[in-house]
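In: Sequence plus predicted model, see below.
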Amino acid sequence: MGYFSRFMVPHASPAIYASMVAIAVTMFLLVVGLTYFKKWIYLWSEWLTTVDHKRIGIMYLISALLMLFRGGVDALMMRAQLAVPENKLLASQHYNEVFSAHGVIMIMFMAMPYIIGFMNFVVPLQIGARDVAFPRLNAISFWLFFMGAMLFNLSFVIGGSPDAGWSSYFPLAGNEFSPSVGTNFYMISLQIAGIGTLMTGINFMTTILKMRAPGMTSMRMPMFTWSIFVTSVIIIFAFPVFTVALLMGALDRLAFTKFFTITDGGMDMLWANLFWVWGHPEVYILILPAFGLFSEIIPTFSKRNIYGYKSMVASMIIISLYSFMVWTHHFFTMGQQAYVNSIFSITTMVIAIPTGIKIFNWLFTMWRGRIRFTVPMLYSLAFIPLFTIGGVTGVMLAMSAADYQYHNTQFLVAHFHNVIIPGVVYAVLGASTYYWPKMFGFTLNERIGKMAFWVLNVGFCLAFFPMYITGLDGQVRRMYTYSADTGFGPWNFVSTIGSALMALSYVLIVYMIYYSIRHSPREGASSDPWDARTLEWATHSPVPEYNFAIIPEVNSREPFWDAKYKGLSIFKGEYNKIHMPNNTGAPFIMSCLFFVFGFSLVFSMWYVAGAALIGIFVCMAQRSFQIDHGHYIPLEGVKETEANYGGGSDK
Amino acid sequence: MNIDHSKPLEYSTEQNRLNILGFWIFLGAEIMLFGTLFASFFTLVDRIGSGPAGEEIFEMGPVLLETFFLLTSSFVIGLVVHAMRIGNKKAMITFFVITLLLGLGFLFLEINEFMTYYHEGATLQTSAFTSILFTTLGTHGAHVTLGIFWGTFIIIQVARRGFTPETANKTFIFSLYWHFLDVVWIFIFTFIYLKGMTGV
């Protein structure tokens, strides 16, 4: 029994027991359902072993939506706790666990996979490629992310959740002050997911550099592809820093090294620096693809090409450079000299310039455009003013002297939700509606979608704007309660109402998906429902396995638009047999071993960890010796598929 | 599969060219990884707590020998690629085996060095300095270890299958990796050992 006691949750509560039951019931139903409907083989051969970038993208999106639910429930628990003063709903320890889980899940396991999901689905289509450069590595990336996410979520019911915040500052996150295994889960699950993300960055950088369709010069690349290219560069240079920081953190906790300790020369601020050297570029890893998605949606629904293409590209590149030069602004109050703070104040404020250029370019794109108020466009329209407010409060926070007033208050919480929700979340929700027909061959219900948008928008403003006020008045973030004398009560209550509306919008979005699956017309669905401009709309919906029967030739920035309205041809030549990569179960199996490896490291079960590590190396050796030339789809197969779609693709 | 015979075998297919570019990008990420380790090392180098400083434990002899082994192996892996380009399988495999043996010799010396430090009271847990020292050296050593296994697999494949676009591609990429580890070692030798011993 002593051995198994390590798996107990140290601060159990009814909520945790309820989650245990819920997880057990869900797993049971999943197994029974898969068996009853005889879907095991389908699941294995079509999804678990796939190397198709489109399916991997869809799996990322499904995971993100599930994690949005988990992170959202955490948010609701926090808002319920803070709704009234002196609330006793959550104890302080639980509150710590909940906000830590909320932060990690929303950033790493919701926003990241949402973005990477679109990256996977859209980029190869946009550049006219048949897959990414390394399809099998892509599958490994997904499964490592997935196993990292599962490992992190497991902490809630086995061993205890991390409770040192999503930034996990030392010495708080060290063994002395965080004795439970929670922070081990943080260090190791993020490491596993992070390796996957790094591989994604390398994969997409190679893909975009080498696999563009003939004629697509770098200055003809669609804006979303440009944003993913810049993002990949940031991933490649930022994630290794996090890898090292997590390695040191894990060693401090598991091997008792002295990196971030208070004694024996350890330096807790080293963690803070390394964390934010990765952490600040990380927020640009999220926002630049979001900018890219808006830059696809806004021209389409304004019937105009993007305004200031070159300045859009230049500003993204400048943002990516500056993203590495601002990390200290996350801890202005933690002991640097004034001149260091001043330098980082200035670099931080400078980022507002390229961002401002992008905002004006979107506005000028819409200027005299024929705007259609579809769901994706509504999200884009709401994004511009809301994100600008978030950006302006960011400049307020960037002033290091003034920052001493509102550092670590709800003002900061309001600021970063104000950029991440209208920036990233609106982008991915808008893009979900925008790309849904390309993924599944039918459109989502417009009426429910608009309803969800308005509820979310009102909910967002109600939830976060009051935090600016209480923050300026001194309500500290991450405090589990406050006294009635502070006067924060009414504003917090408004916030909680706002969060309930946001939860309602999530329900509406899920209902919209359900309703559309049931009722949306499949017959006569167009492969180009939005009258769009770039290559991904030139192929069929849903996209065939090989993406394009004939590799397109590009002569302009908006090849599909020009094909439709200027009569330029993009598909020249004849059908031919098509080379495709083989499916493989190895990425899934190897990632399962990573899960076992991570889980046993969390609990210091060295023998199991060693065995799992050997298993991982065996998988790598197997890959080294394997001869795998992929396979060909024969000419007849291509012709048949194209005929089933009703004639050739847009010729 | 389209094989372009005008290019060296390792560049002869589209997938091969992708692999090589992808690996260069991966090496970019590796530079960041070791860069972070070096930055942390410079931050923590004087934070020795009650443990020994670098100049008290570093010994020039073994470190020079390690450097000699690794630098020589980097030259020999160059000979491997040259032998591969002129299609001499026997020479290629011989040079490859010598490369890995030199790597093994390096590892043997490094492990010995770690044991010496351990007996002198500098362990992973002694101080921030020793923690970052062992972590930086250990990360490099782990790369070398992985490389020895990887290289062995490639030797077996070349012996069995001869020079194909795949085996040539793997050999070339392995040579990039091995040279990279050598470059990292030059930085370790200069900025950890020499700087640590002279106290500049």
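Out: Received the coordinates, thanks. Residues are numbered from 1 along each chain as shown, chains lettered A, B, ... in the order given.

In: Go ahead and measure how far stretch B:77-95 is from the middle of the chain.
Out: Averaged C-alpha coordinates place stretch B:77-95 at 19 Å from its chain's average position (CA atoms, centre = their mean, to the nearest Å).

In: Could you list the contact residues of the stretch 451-600 of chain A toward chain B?
Out: residue A:579 (CB under 8 Å from any CB of the partner chain). Bear in mind the C-beta positions are built from the backbone N, C-alpha and C, glycine included.

In: Grab the nearest non-local neighbour of the residue in chain B that chain A sits nearest to.
Out: Chain B approaches chain A most closely through residue B:47 (3.1 Å), counting by CB to the nearest CB. In space, residue B:47 comes closest to residue A:265 once its chain neighbours are excluded; the distance is 3.1 Å by CB to CB, 6 or more residues apart in numbering or on different chains.

In: where in chain B is pLDDT low?
Out: Along chain B, the model assigns pLDDT under 70 to residues B:1, B:199-200.

In: all strands for it, in order.
Out: Applying DSSP state E to chain B gives no strands.

In: in it, which spans are helices?
Out: B:14-44, B:54-57, B:60-85, B:89-119, B:128-161, B:165-187, B:195-198 (DSSP state H).

In: Contact partners for the residue nearest the centre of chain B?
Out: Taking CA atoms, centre = their mean, the centroid of chain B lies closest to residue B:181, which sits 2.9 Å from it. Residue B:181 makes contacts with B:70, B:140, B:143, B:144, B:147, as judged by CB atoms under 8 Å, 6 or more residues apart in numbering or on different chains.

In: filter those to the buried ones?
Out: Those of the contacts of residue B:181 that meet the buried threshold are B:70, B:140, B:143, B:144, B:147, by 16 or more other CB atoms under 10 Å in any protein chain shown.

In: any idea which of these is closest to residue A:325?
Out: residue B:140 (28.2 Å; CB to CB).

In: what's the nearest residue to the closest one if we skip its chain neighbours?
Out: Per CB to CB, 6+ apart, closest to residue B:140 is residue B:184, 5.7 Å.

In: do residue A:23 as well
Out: residue A:157 (6.3 Å).

In: go on, residue A:331?
Out: That would be residue A:272: by CB to CB, 6+ apart, it lies 5.5 Å from residue A:331.

In: quick one: low-confidence ranges for the stretch 551-651 of chain A?
Out: Checking the stretch 551-651 of chain A against pLDDT under 70 turns up A:646-651.

In: Name the helix or strand for residue A:376, please.
Out: helix A:375-398 (DSSP states H and E).

In: next SSE after that helix?
Out: helix A:400-406.

In: Buried residues in that next one, which are they?
Out: A:400, A:403, A:406.

In: by contact count, what packs against that helix?
Out: In terms of contacts (3 or more CB pairs under 8 Å, 6 or more residues apart in numbering or on different chains; DSSP states H and E), helix A:400-406 is packed against helix A:338-350, helix A:375-398, helix A:446-472.

In: from the stretch 451-600 of chain A, which residue is nearest to chain B?
Out: Closest point on the stretch 451-600 of chain A to chain B, by CB to the nearest CB, is residue A:579, at 7.8 Å.

In: now that residue, what's its secondary structure?
Out: Here residue A:579 is recorded as strand under DSSP: H, G, I helix; E, B strand; the rest coil.

In: measure it to residue B:13 for me?
Out: 11 Å (CB to CB, to the nearest Å).

In: and if you look at residue A:90?
Out: Taken as CB to CB, the span from residue A:90 to residue B:13 is 59 Å.

In: Residue A:177 too?
Out: 55 Å.

In: So those two - more neighbours on which side?
Out: residue B:13 (19 against 12; other CB atoms under 10 Å in any protein chain shown).

In: For residue A:325, give me its contacts.
Out: Applying CB under 8 Å, 6+ apart, the residues contacting residue A:325 are A:344, A:347.

In: Can you classify it as helix, strand or coil?
Out: coil.

In: Model confidence for it, exactly?
Out: For residue A:325, the pLDDT comes out at 94.

In: right, and residue A:519 touches residue A:445 too?
Out: Yes - Residue A:519 is within contact range of residue A:445, at 7.3 Å (criterion: CB atoms under 8 Å).

In: just to revisit the earlier point, any chance of the buried ones among the contacts of residue B:181 in a markdown table, plus distance to residue A:74?
Out: Converted to a markdown table, those look like this (distance: CB to CB, whole Å):
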| residue | distance to residue A:74 |
| --- | --- |
| B:70 | 49 |
| B:140 | 40 |
| B:143 | 39 |
| B:144 | 43 |
| B:147 | 43 |
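
In: re earlier: any idea how far residue B:49 is from the residue nearest to the centre of chain B?
Out: 30 Å.

In: what's near enough to touch the residue of the stretch 151-300 of chain A found nearest chain B?
Out: Scanning the stretch 151-300 of chain A for proximity to chain B using CB to the nearest CB identifies residue A:265 as nearest, at 3.1 Å. By CB under 8 Å, 6+ apart, residue A:265 lies in contact with A:258, B:44, B:47, B:48, B:49, B:51, B:127, B:128, B:129.

In: mind redoing it with 7 Å?
Out: A:258, B:44, B:47, B:48, B:49, B:127, B:128, B:129 (CB atoms under 7 Å, 6 or more residues apart in numbering or on different chains).

In: if you skip the residues just before and after it, what's nearest to residue A:129?
Out: residue A:211 (4.2 Å).

In: Contacts only, for residue 43.
Out: You didn't say which chain, so I picked chain A. Contacts of residue A:43 (CB under 7 Å, 6+ apart): residue A:34.

In: Hmm, no, I was thinking of chain B.
Out: A:267, A:270.

In: now with 6 Å?
Out: residue A:270 (CB atoms under 6 Å, 6 or more residues apart in numbering or on different chains).

In: Any idea how many residues pack against residue 110?
Out: You didn't pick a chain, so chain A it is. 26.

In: right idea, wrong chain: chain B
Out: Residue B:110, neighbours per other CB under 10 Å, totals 21.

In: do residue A:329 as well
Out: Residue A:329, neighbours per other CB under 10 Å, totals 20.

In: a strand runs through it, doesn't it?
Out: No - Residue A:329 is assigned helix when assessed by three-state DSSP, not a strand.

In: what sits against residue 134?
Out: Since you didn't name a chain, this refers to chain A. Counting by CB under 6 Å, 6+ apart, residue A:134 has contacts residue A:203.

In: my bad, the chain I had in mind was chain B
Out: Counted by CB under 6 Å, 6+ apart, residue B:134 has contacts residue B:124.

In: any idea how far residue B:115 is from it?
Out: Relative to residue B:115, and taking CB to CB, residue B:134 is found at 12 Å.
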